[in-house]
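Novice: build me a model:
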Amino acid sequence: MGICFSARIKADTPAHTGVNSQYVSSDGYDMSLGSSKISSTSVPPTPRTEGEILQSSNLKSFSFSDLKVATRNFRPDSVLGGGGFGSVFKGWIDENSFTAAKPGTGMIIAVKKLHQESYQGHREWLAEVNYLGQFSHPNLVKLIGYCLEDDHRLLVYEFMPRGSLENHLFRRGSYFQPLSWSLRLKVALGAAKGLAFLHSAEAKVIYRDFKTSNVLLDANYNAKLSDFGLAKDGPTGDKSHVSTRVMGTYGYAAPEYLATGHLTAKSDVYSYGVVLLEILSGRRAIDKNRPPGEHKLVEWSRPYLANKRKVYRIMDNRLEGQYTMDVAQKVANLASRCISLEPRLRPKMEEIVKELEQLQDSNNMDNNHIKTQNGSRQRRRSAGDAGNKIANAAYPRPSASPPHSK
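Specialist: Residues are numbered from 1 along each chain as shown. Okay, the predicted model is just below:
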């Protein structure tokens, strides 16, 4: 299955000017729901105690014995992924009663099982129940239920077959063909809608760990955000930010957040810009295997993003012939604004959604033009082409970041 590691970051105090330790979590994951409209209305104030969170969530409470049966006693050959504080297992439940079903029957689920000694894992487990128990949106992963029994803490998600965006951008192999340009725009738009919802008046949440491994794709390549363990309530009243410990993933975290611990919605926008660069370039945010000067995607790409004549240099060469430079330049310009060092110059997520919708329409028109010009010219096969196989999903692994009490 392959595991890619990214460093999780932490600061001891809210006003921290550097990173004094790191936490490693394996990337990947996969599950979700479907459609395109926001289904939640007003969300009640976020509960604070564990009892209130569990009581107010709209999730099913599973018994540990049920999940043991559903996953065939957490057999090793049922493991979909693993990492910092637990493993994810494939299981089956009855679609109506949600009781354990025989393998191959009923509904496939993904069960995240925490290591029993992981305190920080419990904090993130509770955060996921808190947020995904309240919100329902087509671009957020669907959490079906949880188990809290003795020392056992588990989360039950709907299984989705396409895996993470990370896998489709960076993995090589027959199951992970490079995503086509049109699908990359579709995924970018879906992920933007998920973040826009979180930042909206209904939710007022800062995601805090937006990255390719946390963007999941369903069978139709609809993007869903997963892993809400680091999510935080946004600032209230006349406050401009939330002061918090610095946590996230190297390469994606906004520089002002790393320097001060001041968290805002614009911190998520910066992370979104990094992912947009990964989508454009096919390069990882941090890649020490690249030549000197190319390790950090943001730093390497900045000079090219600012020059219309050089944008082509950051484009993934596997996309050749699939896009027009006009649309590519506009997406690159959007990414450039998102990663601005000045937070106030970054667009809001709702503005990003509108821009991407317009660009997707332009791309569709350009595609028809390109097809007319090229006729039956062959191009490299990419995900989304007819006959493309669905990957055996690599699920988002449990993360391994520190407790986030603030």
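Novice: would you map the strands across the stretch 201-350 of the chain?
Specialist: For the stretch 201-350 of the chain, the strands defined by DSSP state E, counting those that start in this stretch cover 205-206, 215-217, 223-225, 232-233, 242-243, 248-249, 262-263.
Novice: out of those strands, which gets nearest to residue 269?
Specialist: strand 205-206 (10.3 Å; Cβ to Cβ). The way it works is simple: take the backbone N, C-alpha and C, and place the C-beta from them, glycine included.
Novice: deepest-packed of the strands of the stretch 201-350 of the chain, please.
Specialist: Of the strands of the stretch 201-350 of the chain, the one with the most neighbours on average (mean count of other Cβ atoms under 10 Å) is strand 215-217, at a mean of 31.
Novice: who does it touch, helix- and strand-wise?
Specialist: helix 165-170, helix 181-199, strand 223-225 (3 or more Cβ pairs under 8 Å, 6 or more residues apart in numbering; DSSP states H and E).
Novice: quick one, which of those gets closest to residue 234.
Specialist: helix 181-199 (7.3 Å).
Novice: nearest to residue 364 among the helices and strands packed on strand 215-217 would be which one?
Specialist: Using Cβ to Cβ, those put helix 181-199 closest to residue 364, at 7.6 Å.
Novice: hang on, the earlier thing: dump the helices and strands packed on strand 215-217 to JSON lines, plus mean pLDDT.
Specialist: Output for those, formatted as JSON lines (pLDDT from 0 to 100):
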{"stretch": "helix 165-170", "mean pLDDT": "92"}
{"stretch": "helix 181-199", "mean pLDDT": "97"}
{"stretch": "strand 223-225", "mean pLDDT": "94"}
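Novice: dump those to JSON lines, plus distance to residue 104.
Specialist: Formatted as JSON lines, these follow (distance: least, Cβ to Cβ, whole Å):
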{"stretch": "helix 165-170", "distance to residue 104": "24"}
{"stretch": "helix 181-199", "distance to residue 104": "29"}
{"stretch": "strand 223-225", "distance to residue 104": "25"}
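Novice: which of the ones you listed sits closest to residue 359?
Specialist: The nearest among the helices and strands packed on strand 215-217, by Cβ to Cβ, is helix 181-199 at 6.6 Å.
Novice: nearest to residue 215, out of the helices and strands packed on strand 215-217?
Specialist: helix 165-170 (4.0 Å).
Novice: pull the CA atoms of that closest one into CSV?
Specialist: What follows is helix 165-170, C-alpha atoms only, in CSV (Å, rounded to 0.1, in the frame of the first residue of the first chain):
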residue,chain,number,x,y,z
LEU,A,165,-5.7,13.0,-3.5
GLU,A,166,-2.2,12.4,-2.3
ASN,A,167,-2.1,8.9,-3.7
HIS,A,168,-3.4,10.0,-7.1
LEU,A,169,-0.9,12.9,-7.4
PHE,A,170,2.2,11.2,-6.1
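Novice: show me what it is packed against.
Specialist: Helix 165-170 sits against strand 215-217, helix 265-281, with contacts defined as 3+ Cβ pairs under 8 Å, 6+ apart.
Novice: state the distance from residue 155 to residue 351.
Specialist: Per Cβ to Cβ, to the nearest Å, residue 155 is found 33 Å from residue 351.
Novice: hang on, the earlier thing: weakest of the helices and strands packed on helix 165-170 by average pLDDT?
Specialist: Of all the helices and strands packed on helix 165-170, mean pLDDT reaches its minimum on strand 215-217 (a mean of 90).
Novice: end to end, how far does stretch 224-233 reach?
Specialist: 20 Å (Cα to Cα, to the nearest Å).
Novice: distance between that stretch and the chain's centre?
Specialist: When distances are taken as Cα atoms, centre = their mean, to the nearest Å, stretch 224-233 is centred 9 Å away from the chain's centroid.
Novice: likewise for stretch 64-79?
Specialist: Here stretch 64-79 shows a centroid-to-chain-centroid distance of 26 Å under the convention Cα atoms, centre = their mean.
Novice: could you do stretch 167-179 as well?
Specialist: For stretch 167-179, the distance to the chain centre is 17 Å (Cα atoms, centre = their mean).
Novice: domain ranges for the chain?
Specialist: Per automatic domain parsing, the structural domains of the chain span 4-158, 175-374.
Novice: contacting residues for the closest residue to residue 319 other than its chain neighbours?
Specialist: Once flanking residues are discounted, residue 319 sits nearest to residue 181: 5.0 Å by Cβ to Cβ, 6 or more residues apart in numbering. By Cβ atoms under 8 Å, 6 or more residues apart in numbering, the contact list for residue 181 reads 319, 322, 323, 363.
Novice: low pLDDT regions in the stretch 101-250 of the chain?
Specialist: For the stretch 101-250 of the chain, residues meeting the criterion pLDDT under 70 lie at 117-120, 174-176, 237-238.
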